[in-house]
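**Q** Next comes the sequence, and after it the predicted model I'd like to discuss.
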Amino acid sequence: MKSVTRFLIITFLAVTTIGLQLSYASDGGGEITYKSTVFSHDSHVDGMGLDCDSCHDGIFEMEAGAMAANPAFSMEAIYQGEFCGACHDGDTAFASDEDCTTCHVKDGGDMLYTEPVKSVIFSHEIHADGFGCESCHTGLFKMEALAAQKNENFVMEALYQGEYCGACHDGDTAFASNTRCATCHIGVKGYNRLTGGGKAANGSH
């Protein structure tokens, strides 16, 4: 009786595994969401006629979540022809620094910088109206949240010299970076409003 039960369990597991593999193969792997980025197996397999081995195992590991855990998986690496950049080179497929919203489904939202000074805000929504992501990425800013904040050269003096925001905020393309300061520097009150800080947050009156 035990051997019959064992046989049935093994058969059930085998059939289930094969079914899952067939299901996975038939839907091409589905969609993978990574932060604000969506990758569609469907559009690459059905839409372009690629096989699984076009990308696996040479470019990507055949394991869910492998890229999210890989510290080398970055936009910079893609621009250098690695990962998605192996095809998205402007020849085989559109270049990885073009048509950003094909994969990046959300704009970056509001960025609240706290270094080197506290309470500086940047709005992607305002800037994206009329500009593509590539206008600032890859040349001026890395495609990484708060990357500039981690850069010790990201200071107002650099902006005045035409770097970072100063590349456009030169008084010609957009208002000069040494004018209309409160547009970006929202001060302590603005910071507290956004973060819920101040007296109300700590329960004082």
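**A** Sure, I can see it.

**Q** Low-confidence stretches in this structure?
**A** 1-28, 36, 105-107, 198-205 (pLDDT under 70).

**Q** can you give me the helices for this structure?
**A** Using DSSP state H, the helices of the chain run over 2-26, 41-45, 75-79, 124-128, 156-160, 187-195, 199-202.

**Q** Please enumerate residues in contact with the third one?
**A** With contact meaning CB atoms under 8 Å, 6 or more residues apart in numbering, helix 75-79 is reached by Phe83, Cys84, Gly85, His88, Ser96, Asp97, His137, Thr138, Lys142, Met143, Glu144. Just so you know, the C-beta spots here come from the backbone N, C-alpha and C atoms, and that holds for glycine as well.

**Q** wait, what's in contact with Thr33?
**A** So Thr33 contacts Phe39 (CB under 8 Å, 6+ apart).

**Q** What's the separation between it and Gly65?
**A** Thr33 sits 11 Å away from Gly65, taking CB to CB, to the nearest Å as the criterion.

**Q** Endpoint to endpoint, stretch 154-168 covers what distance?
**A** Stretch 154-168 has an end-to-end distance of 15 Å (CA to CA, to the nearest Å).

**Q** Run the chain-centre distance for it.
**A** Distance of stretch 154-168 from the chain centroid (CA atoms, centre = their mean, to the nearest Å) equals 24 Å.

**Q** Report the buried residues of it.
**A** Phe154, Met156, Ala158, Leu159, Tyr164, Cys165, Gly166, Ala167, Cys168 (16 or more other CB atoms under 10 Å).

**Q** can you pull the contacts of the first one?
**A** The one in question is Phe154. Counting by CB under 8 Å, 6+ apart, Phe154 touches Pro116, Ala148, Tyr164.

**Q** try 6 Å this time
**A** Ala148 (CB atoms under 6 Å, 6 or more residues apart in numbering).

**Q** ok so, going back, buried only: go through the contacts of helix 75-79 for me.
**A** By 16+ other CB under 10 Å, these give Phe83, Cys84, Gly85, His88, Ser96, Asp97, His137, Lys142, Met143 as buried.

**Q** Which members of those are the farthest-apart pair?
**A** His88 and Lys142 (17.5 Å; CB to CB).

**Q** Does Met122 touch Met111 like I think?
**A** No, residue 122 isn't Met; it's Phe. Yes: here Phe122 reaches Met111: they are 4.3 Å apart, a contact under CB atoms under 6 Å.

**Q** Could you name every residue contacting both of the two?
**A** Counting by CB under 6 Å, 6+ apart, Phe122 and Met111 have no contacts in common.

**Q** how about the strands of this protein, start to end?
**A** Remark: strands assigned in the chain by DSSP state E are 31-34, 37-40, 110-113, 120-123.
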